[in-house]
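# Take a look and give me a structure for this.
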Amino acid sequence: MATGRNSSTRVIITGGAQGIGFAVANRLADEGCHAIALIGRDKEKGKAAAAALKAKGVDAIFIRADVADTGACGSAFSEALGHFGSLNALVNAAATSARGSLTDTTPELFDRIFHTNVRGPFFLMQALVRHLLEAEKAGSIVNVLSMSAHCGQSFLAPYSSSKGALATLTKNAANAYRTNRIRVNAVLPGWMDTPGEAVVQAQYHGAGPDWLEKAEAAQPMGQLVKPDQLAGLVAYMLSPESGVMTGSLVDYDQNVAGAFPE
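I've put the predicted structure just below:
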């Protein structure tokens, strides 16, 4: 249902051309957000995503950038700020879940994962917070983590570590800027049904076209997490409706961290 709770939100969304990022953008548009900058690497997907938002009456732009590149993050933020004049929200949804265990991860793979999943979000958060402090305005940031931040599988050692680092950064920034009314929260989704996950399952696990059907049949609630479901929570966290909520890491899954089979 369309609401106006995000009518004052002016947001940058990384990974905004598909999956979680685009689902969040769509939800924000339905909630009255009129200023959305999508950041991603695929120009064609980005243009299509921005066009879909424009059809809803949103002033939407796509900025081609790789968040693993700190310089590109700075340029993308400057371009979005130049277009909209002001910004007050950020969603760090872009990530890589490339596989690697403790024993087989190379320094190059480790750096690629941490540059994408931690370094990029860090400096985009820095850019927004500096802008908000200078303007003396309130703002909201939501980082997309993963249930793997609690531990993760053996083949996700660097990925899980990166999400754990982002979890600590979320709380650190929330604590540092709460008196400036800059709120920082995070969501930790479980196994998700996204275009990116389909690629990962085929690339790393040899999964066939029926991977999703098999995966969902084995889940407690008979499905994987859907981007549209998660988007509602992210939109709430960004909105003024979430009040003073800050420093929260919210698990979004059908499996409970720390539980064991009975």
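# CA only for contacts and neighbour counts going forward, please
Fine.
# before we move on, which element is F123 in?
Here F123 is covered by helix 120-135, with elements defined by DSSP states H and E.
# And that helix, what does it pack against?
Packing partners of helix 120-135 (3 or more Cα pairs under 8 Å, 6 or more residues apart in numbering; DSSP states H and E): helix 70-84, strand 89-92, strand 139-144.
# Now render the ones you listed as JSON lines, adding mean neighbour count.
Formatted as JSON lines, these follow (neighbours: other Cα atoms under 10 Å):
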{"stretch": "helix 70-84", "mean neighbour count": "17"}
{"stretch": "strand 89-92", "mean neighbour count": "27"}
{"stretch": "strand 139-144", "mean neighbour count": "26"}
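# To I63, which of these lies closest?
Comparison of the helices and strands packed on helix 120-135 against I63 by Cα to Cα identifies helix 70-84 as nearest, at 6.3 Å.
# M245 contacts R181, doesn't it?
No: the pair M245 / R181 is not scored as a contact, 10.3 Å apart, by Cα atoms under 8 Å.
# mind showing which ranges of the stretch 151-262 of the chain have poor pLDDT?
For the stretch 151-262 of the chain, no stretch has pLDDT under 70.
# Okay, helices next: where are they in it?
157-176, 195-205, 211-217, 227-238 (DSSP state H, counting those that start in this stretch).
# by contact count, what packs against the last one?
In this structure, helix 227-238 packs against helix 19-30, strand 139-144, strand 182-189, with contacts taken as 3+ Cα pairs under 8 Å, 6+ apart.
# same thing with the first one?
Counting by 3+ Cα pairs under 8 Å, 6+ apart, the packing neighbours recorded for helix 157-176 are helix 107-114, strand 182-189.
# what angle separates that helix from strand 139-144?
With axes from the mean of the first three to the mean of the last three Cα atoms, to 10 degrees defining the directions, helix 157-176 sits at 160 degrees from strand 139-144.
# Nearest to the middle of the chain, which residue? Look it up for me.
The centre of the chain sits closest to A93, judged by Cα atoms, centre = their mean, with a distance of 1.8 Å.
# right, and that one touches L124 too?
No: judged on Cα under 8 Å, A93 makes no contact with L124 at a distance of 11.7 Å.
# hang on, the earlier thing: Serialize the helices of the stretch 151-262 of the chain to CSV and add fields for mean neighbour count and distance to G85.
Output for the helices of the stretch 151-262 of the chain, formatted as CSV (neighbours: other Cα atoms under 10 Å; distance: least, Cα to Cα, whole Å):
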stretch, mean neighbour count, distance to G85
helix 157-176, 21, 24
helix 195-205, 13, 32
helix 211-217, 14, 42
helix 227-238, 20, 19
